[in-house]
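Here's a sequence, model it:
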Amino acid sequence: MAARAPPRLRVYPLALFFLPVALLGVLAGAAPVRGDLRRVVEVEGEPRSVVWAVQLSDLHLSAFHPERAADFRRHVGGALAMVNPSLVLITGDLTASIGLRSPANVFGQPTDQLLVELDTALSQWDNYSSTSAVTKVTFGHFPMSFSSSTTSGGSLRDVFLKHSLSAYLCGHLHTNFGRNLKRHHRSDRNHLSAKQYYQTNTHEGTSTSIGSNNCSTTTESVAEFWEWEMGDWRSARSMRILAIDSGHVSYTDIDFRFGSMDVIIVPTFPLDSRFMQRLSTPHDLNCQANSTSHFGMVRALVFSKYKIISVSVKIYDSFSGSHHLVLEKDMEMTSGEGARGAMYTVPWNWKAYVDESPDRYWLQIEAKDMTGKIYYSQLRPFSVNGLTAKVRWTWKEFRVMGCQWGQLYQPIMWSTLAFLCLLILIPRILLMLYENHMLKCRSPKTAAGSSGRHLLISFEYFAAELSKMYSVWSGMLIYLLYLVFFPWFAGNAVTENHNKMYLYYKGWSTSNLANVSTAAPYIGLPDVMVIVLPHLLFVVLPAFLIIAAIAANRAAYLVHMHISHKAKKDDDHYEERKCIQHVWIFRCFRKFLILLCLPIAWRHWKHCRAIVRAYEANPFMDAPIYCFGVPLLVCFAIYRASAV
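The predicted structure follows:
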């Protein structure tokens with residue numbers, strides 16, 4: 001095997017990180033690109049075929065939580081000295097209590113200028129003159145599902161798909177929603193596909209044999225990339241080691257909650273069939289004559305504080321339902337003097353593990369140090385022929401990774417507003433029908449039949465009661481119109497400009513901003529999503545439903561009171577006792593509805609407190625209708641319903 005040039009790391013001032021197969025790496029920071037601002041970092045030493053970096057995210061170092069920094073010094077310093085990475089990436093939230101507070105810091109929004117600069121930086125590798133392909137890896141803080149589109153509709157996802165990244169590394173979500181926050185992205189030519197709004201599991205589409213019949217050195221590019229969110233340091237004490245071995249990207253997550261690690265094992269080939277597959281693997285499998293020899297070796301990086309005595313690979317077959325050991329071989333260290341890390345390899349008959357099932361065979365690396373202690377890597381499935389093992393999210397994982405909130409915002413908002421509008425207008429329409437038509441067909445006494453069937457038939461009679469409470473009904477309609485046509489509240493949306501701006505459901509009004517470099521009348525879609533949707537779905541919608549239920553309960557109460565009086569007048573004691581029992585039920589139900597208002601009030605109070613803290617809004621001067629509109633409506637509805 002011919003000797004290769006020393007690996008190099010190229011640094012860009014953008015939030016990007018690239019690592020080519022030719023052992024070229026590129027890092028970018030947060031400033032915009034102005035021309036070619038690459039910075040080359042030579043990576044000396046063995047092994048030549050692999051380069052690795054360390055990722056940390058969401059450290060939230062704070063004087064109020066000194067244990068975070070203490071654990072960081074205690075565990076990470078020694079781990080970095082042992083791993084000796086080429087790069088250390090910290091993907092956001094280095095400190096806590098500083099900058100924007102929730103809800104303003106929940107979503108991220110790139111600018112159109114940033115997307116252009118990203119595309120330019122990534123395009124520099126399109127015509128890279130080398131015999132080796134380029135592997136591109138980017139990093140940032142926000143996941144794709146928490147990154148909204150630009151004002152013109154552009155997205156990071158489109159840029160990443162255009163350049164067929166291997167992976168996008170991110171953080172932000174911590175481990176509050178699960179540890180399986182990974183997602184595979186693939187371009188979809190069907191613009192009407194539901195995948196622009198949601199994705200049910202980690203994989204978007206299935207692996208296909210791209211260019212499998214064409215074994216030339218140039219193969220068809222596949223628009224795809226992996227999104228790998230990692231756990232946080234704040235509570236999970238997580239650290240990630242990312243490795244690129246002959247173009248194959250893999251990672252291993254380390255958990256320091258139980259102390260420091262004396263040995264860290266990072267398998268680099270074969271890849272985990274759940275998360276680390278490339279769509280070019282089928283091409284490599286069918287074109288072994290023209291591809292590199294990486295298929296013929298099982299490879300793993302082993303980092304240790306002490307001398308390693310032995311390393312072995314174990315392969316298990318799970319076809320029978322349990323893991324049965326089918327291969328165990330000793331591995332040899334291939335890196336020599338001046339090595340950056342210890343690479344262990346062993347030849348294997350990879351063709352024996354070509355199977356239709358992507359999770360039939362499982363890999364584990366075992367290492368033994370000079371103290372006699374044995375360490376194991378995580379047991380993981382692999383598929384040498386590029387088949388992908390399906391992984392489904394839990395509900396919490398789907399909620400934050402599968403739902404594309406930037407795309408879902410408009411459909412959810414308008415469907416909720418439409419439902420609220422129908423909830424207000426239908427009672428009015430029913431009342432008009434009741435007065436003009438139903439009154440001719442049946443009197444209130446007929447509508448007040450005692451049978452359950454009669455009550456169902458007379459649904460219109462009870463639904464129309466909300467419209468009869470005209471002052472409450474009018475207040476609900478006015479509040480709904482206010483949410484659509486008027487600003488919700490005012491606040492300091494921009495820290496360097498102390499003039500208060502007004503937030504609408506479309507965004508912050510830009511009329512009060514000086515020297516705004518955008519033609520859009522509204523900015524700040526991320527703020528809108530985390531304010532509008534929670535307020536509509538968890539405050540306005542349940543409050544209006546409870547008001548409608550209180551009105552219907554009042555109508556039913558009046559009906560049964562009428563029946564009770566009629567039975568008493570007719571000296572029908574049985575009907576009178578039956579109606580009295582029903583009246584007791586309606587009173588209990590009314591109390592239950594009032595109790596349901598308490599969690600809504602609590603949720604609404606939390607929302608109001610969040611915007612007051614985030615935007616320095618005065619609830620009485622800057623947000624009176626937003627803060628007090630719904631509580632006053634609910635209280636007034638309870639009062640009116642009690643006036644029997």
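
so where does P411 fall, helix or strand?
helix 405-433 (DSSP states H and E).

I'd like the mean pLDDT over that helix, please.
Regarding helix 405-433, the rounded mean pLDDT is 88.

so what secondary structure elements neighbour it?
helix 459-463, helix 465-468, helix 470-485, helix 525-535, helix 541-569 (3 or more C-beta pairs under 8 Å, 6 or more residues apart in numbering; DSSP states H and E). For the C-beta atoms, the positions are set from N, CA and C on the backbone; glycine is no exception.

Could you dump these into CSV with mean neighbour count and distance to V83 added?
As requested, the helices and strands packed on helix 405-433 are exported to CSV (neighbours: other C-beta atoms under 10 Å; distance: least, C-beta to C-beta, whole Å):
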stretch, mean neighbour count, distance to V83
helix 459-463, 18, 67
helix 465-468, 22, 65
helix 470-485, 16, 53
helix 525-535, 22, 35
helix 541-569, 20, 50
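
Now render these as CSV, adding distance to E227 and mean pLDDT.
CSV is the format used below for the helices and strands packed on helix 405-433 (distance: least, C-beta to C-beta, whole Å; pLDDT from 0 to 100):
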stretch, distance to E227, mean pLDDT
helix 459-463, 47, 68
helix 465-468, 46, 83
helix 470-485, 34, 93
helix 525-535, 18, 88
helix 541-569, 31, 78
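
Of all these, which one is nearest P47?
P47 lies closest, by C-beta to C-beta, to one member of the helices and strands packed on helix 405-433: helix 525-535, at 42.8 Å.

In PDB, please show the C-alpha coordinates belonging to the closest one.
Taking Å, rounded to 0.1, in the frame of the first residue of the first chain, the C-alpha atoms of helix 525-535 are listed here in PDB:
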ATOM      1  CA  LEU A 525     -40.200  33.200  13.100                       C
ATOM      2  CA  PRO A 526     -38.500  31.100  15.900                       C
ATOM      3  CA  ASP A 527     -39.900  33.400  18.600                       C
ATOM      4  CA  VAL A 528     -43.300  33.200  17.000                       C
ATOM      5  CA  MET A 529     -43.500  29.400  16.900                       C
ATOM      6  CA  VAL A 530     -42.700  28.900  20.600                       C
ATOM      7  CA  ILE A 531     -45.200  31.600  21.600                       C
ATOM      8  CA  VAL A 532     -48.100  31.300  19.200                       C
ATOM      9  CA  LEU A 533     -48.500  27.500  19.100                       C
ATOM     10  CA  PRO A 534     -48.300  26.900  22.900                       C
ATOM     11  CA  HIS A 535     -50.700  29.800  23.500                       C
END
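
what helices or strands is it leaning on?
With 3+ C-beta pairs under 8 Å, 6+ apart as the test, helix 525-535 has helix 405-433, strand 501-504, strand 507-509, helix 573-615 packed against it.

again, 10 Å this time
helix 405-433, strand 501-504, strand 507-509, helix 573-615, helix 624-642 (3 or more C-beta pairs under 10 Å, 6 or more residues apart in numbering; DSSP states H and E).

mind checking which of those is nearest Q109?
helix 405-433 (8.5 Å).

picking up where we left off before, comparing the helices and strands packed on helix 525-535 by mean pLDDT, which bottoms out?
Per-stretch mean pLDDT for those is lowest at helix 573-615 (a mean of 82).

one step back: okay, the helices and strands packed on helix 525-535 in CSV with mean neighbour count next?
Output for the helices and strands packed on helix 525-535, formatted as CSV (neighbours: other C-beta atoms under 10 Å):
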stretch, mean neighbour count
helix 405-433, 16
strand 501-504, 22
strand 507-509, 21
helix 573-615, 15
helix 624-642, 18
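
Export those as TSV, with columns for distance to Y375.
Output for the helices and strands packed on helix 525-535, formatted as TSV (distance: least, C-beta to C-beta, whole Å):
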stretch	distance to Y375
helix 405-433	41
strand 501-504	54
strand 507-509	52
helix 573-615	45
helix 624-642	56
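
can you pull out the strands in the stretch 251-400 of the chain?
263-269, 297-304, 308-317, 324-333, 342-347, 361-369, 374-376, 380-382 (DSSP state E, counting those that start in this stretch).

give the contact list for L242.
When contacts are counted by C-beta atoms under 10 Å, 6 or more residues apart in numbering, L242 is found next to 17, 19, 51-55, 85-87, 89, 137, 139, 167, 169, 228, 230, 249-252, 266.

With I611 instead?
Contacts of I611 (C-beta under 10 Å, 6+ apart): 101-104, 488-489, 491, 503, 527, 530-531, 535, 617, 619, 622-623, 626-627.

Distance check, it against F486.
Between I611 and F486 the computed distance is 16 Å (C-beta to C-beta, to the nearest Å).

Where in this structure is the helix or strand with the lowest mean pLDDT?
strand 24-28 (a mean of 32; mean pLDDT, DSSP states H and E).

Got the domain ranges for this protein?
Listed by the TED database, the domain ranges of the chain are 50-121+134-189+221-401, 404-435+454-643.

Just the buried positions in stretch 248-258, please.
248-252, 254, 256 (16 or more other C-beta atoms under 10 Å).

so can I have JSON lines of these showing distance to I426?
As requested, the buried residues of stretch 248-258 are exported to JSON lines (distance: C-beta to C-beta, whole Å):
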{"residue": "H248", "distance to I426": "59"}
{"residue": "V249", "distance to I426": "55"}
{"residue": "S250", "distance to I426": "57"}
{"residue": "Y251", "distance to I426": "54"}
{"residue": "T252", "distance to I426": "57"}
{"residue": "I254", "distance to I426": "57"}
{"residue": "F256", "distance to I426": "57"}
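
Now tell me which of those residues the prediction trusts least.
Where pLDDT dips furthest among the buried residues of stretch 248-258: H248, at 85.

and that one, how far is that from V137?
12 Å.

list residues touching both of those two?
S166.

Please give me every residue in contact with the closest residue in space to T268 that isn't next to it in sequence.
Nearest residue to T268, sequence neighbours excluded (C-beta to C-beta, 6 or more residues apart in numbering): D245, at 3.8 Å. Applying C-beta under 10 Å, 6+ apart to D245 gives the contacts 21, 47, 49-52, 266-269, 271, 294, 297, 299-301, 343.

can you pull the pLDDT of D245?
Confidence score, pLDDT, at D245: 88.

Give the bridge partners for it, please.
Note on D245: beta-bridge partners V50, H248, judged by DSSP bridges.

Distance of it relative to Q364?
18 Å.

One more: L558?
L558 is 72 Å from Q364, by C-beta to C-beta.

And stretch 334-351, end to end?
From its first residue to its last, stretch 334-351 covers 23 Å (C-alpha to C-alpha, to the nearest Å).

Just the buried positions in it, please.
334-335, 340-346, 348, 350.

Export those to JSON lines and append columns for distance to T388 and pLDDT.
Shown next, in JSON lines, are those (distance: C-beta to C-beta, whole Å; pLDDT from 0 to 100):
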{"residue": "T334", "distance to T388": "29", "pLDDT": "86"}
{"residue": "S335", "distance to T388": "31", "pLDDT": "72"}
{"residue": "R340", "distance to T388": "31", "pLDDT": "80"}
{"residue": "G341", "distance to T388": "29", "pLDDT": "83"}
{"residue": "A342", "distance to T388": "30", "pLDDT": "89"}
{"residue": "M343", "distance to T388": "26", "pLDDT": "92"}
{"residue": "Y344", "distance to T388": "27", "pLDDT": "94"}
{"residue": "T345", "distance to T388": "25", "pLDDT": "93"}
{"residue": "V346", "distance to T388": "25", "pLDDT": "94"}
{"residue": "W348", "distance to T388": "21", "pLDDT": "93"}
{"residue": "W350", "distance to T388": "18", "pLDDT": "90"}
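
Pick out the most distant pair among these.
R340 and W350 (26.4 Å).
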